[in-house]
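J.: Let's see this in three dimensions:
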Amino acid sequence: MVVTSFAAQWLTVVGAAPGFYGNYAPSGSSGVHLADFAIFGDVQERDDGAQVNGVGGALNNSTVDRLWIEHMKVGAWMDGPFTNLVFNGMRIRNVTADGINFHNGVTNSKVTNSDLRNLGDDGLATWADQNADANDSFDHNTVQYPILANGIAIYGGHDNFVTDNRVIDAGLTQGGGIHVAQRFASTPL
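T.: Numbers count the residues shown, from 1 in each chain. All right, here's what the predicted structure looks like:
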């Protein structure tokens, strides 16, 4: 599946309560490429049971480039296990929970050159819930104003990298700039 706006970056806008989801594990989706459009939701409050995320599911061997995601619960909540997903050049604003979360066995995946601001929870996170997140990286990103939690968080897993990022005014009520720990029933760190 390819969704692209060829006329200009972000000329195509998807609104209301949209979401682009891969199939869920164990099979997941593969070869998905999303690029150059905006997702402007209308999420007014955080409901952890609601699937109102900009991007989600399991996306093997896939890319998500230059999306602008705003007013969703989460910019991207990726549920593993799956491998090899690249987010590049993302703009995520004003979400009620995480910016991007690699959850439960996401491997060999990365977020790079992205800008995230005014987030309700963690800006960028790996959460190795039952399966280890491994060999993932957050590189050359800017995270501003995560309100409740951390700019960048690594919860369990192994061989994950956080390099050359900028975290500004993190943890306005709780949390900090970068948090690395075995928490939330994660696999060993």
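J.: Let me know the pLDDT of the most centrally placed residue in the chain.
T.: Nearest to the geometric centre of the chain sits residue 100, at 1.5 Å (C-alpha atoms, centre = their mean). At residue 100, the model reports a pLDDT of 98.
J.: what does residue 184 give?
T.: 79.
J.: what about it, neighbour count?
T.: Residues within reach of residue 184, counting by other C-beta atoms under 10 Å, total 12. (Glycine included, C-beta is placed from N, CA and C.)
J.: Roughly how far does it sit from residue 153?
T.: Note on residue 184: its distance to residue 153, by C-beta to C-beta, to the nearest Å, is 10 Å.
J.: Kindly report the same for residue 33.
T.: Taken as C-beta to C-beta, the span from residue 33 to residue 153 is 27 Å.
J.: Can you report how many residues neighbour residue 41?
T.: Residue 41: 22 neighbours (other C-beta under 10 Å).
J.: That one bridge partners, please.
T.: Residue 41 forms beta bridges with residue 16, as assigned by DSSP bridges.
J.: go on, residue 124?
T.: Beta-bridge partners, per DSSP bridges, of residue 124: residue 100, residue 152.
J.: swap in residue 69?
T.: residue 39, residue 92.
J.: related to what we said a few turns ago, any residues in contact with both of residue 184 and residue 153?
T.: Counting by C-beta atoms under 8 Å, 6 or more residues apart in numbering, the common neighbours of residue 184 and residue 153 are residue 127.
J.: low pLDDT regions in this protein?
T.: By pLDDT under 70, the low-scoring segments of the chain are 1-11, 16-17, 171-172.
J.: Could you rerun that using 90?
T.: 1-19, 24-27, 42-52, 147-149, 169-177, 179-189 (pLDDT under 90).
J.: Could you find the closest non-adjacent residue to residue 14?
T.: residue 39 (5.1 Å; C-beta to C-beta, 6 or more residues apart in numbering).
J.: show me the contacts for the residue nearest to the centre of the chain.
T.: 74-78, 87, 90, 92, 111, 114, 116, 123-125.
J.: try it again with 10 Å
T.: By C-beta atoms under 10 Å, 6 or more residues apart in numbering, the contact list for residue 100 reads 53-55, 64, 69, 74-78, 87, 90, 92, 109, 111, 114, 116, 119, 122-126, 138, 141, 143.
J.: picking that back up, who's more crowded, residue 33 and residue 153?
T.: Each of residue 33 and residue 153 has its neighbours counted (other C-beta under 10 Å); residue 153 has more, 26 against 15.
J.: quick one: that one and residue 89, what's the gap?
T.: 22 Å.
J.: do residue 151 as well
T.: 19 Å.
J.: More neighbours: these two, which one.
T.: More neighbours surround residue 151 than the other of residue 151 and residue 89, with 31 against 16 (other C-beta under 10 Å).
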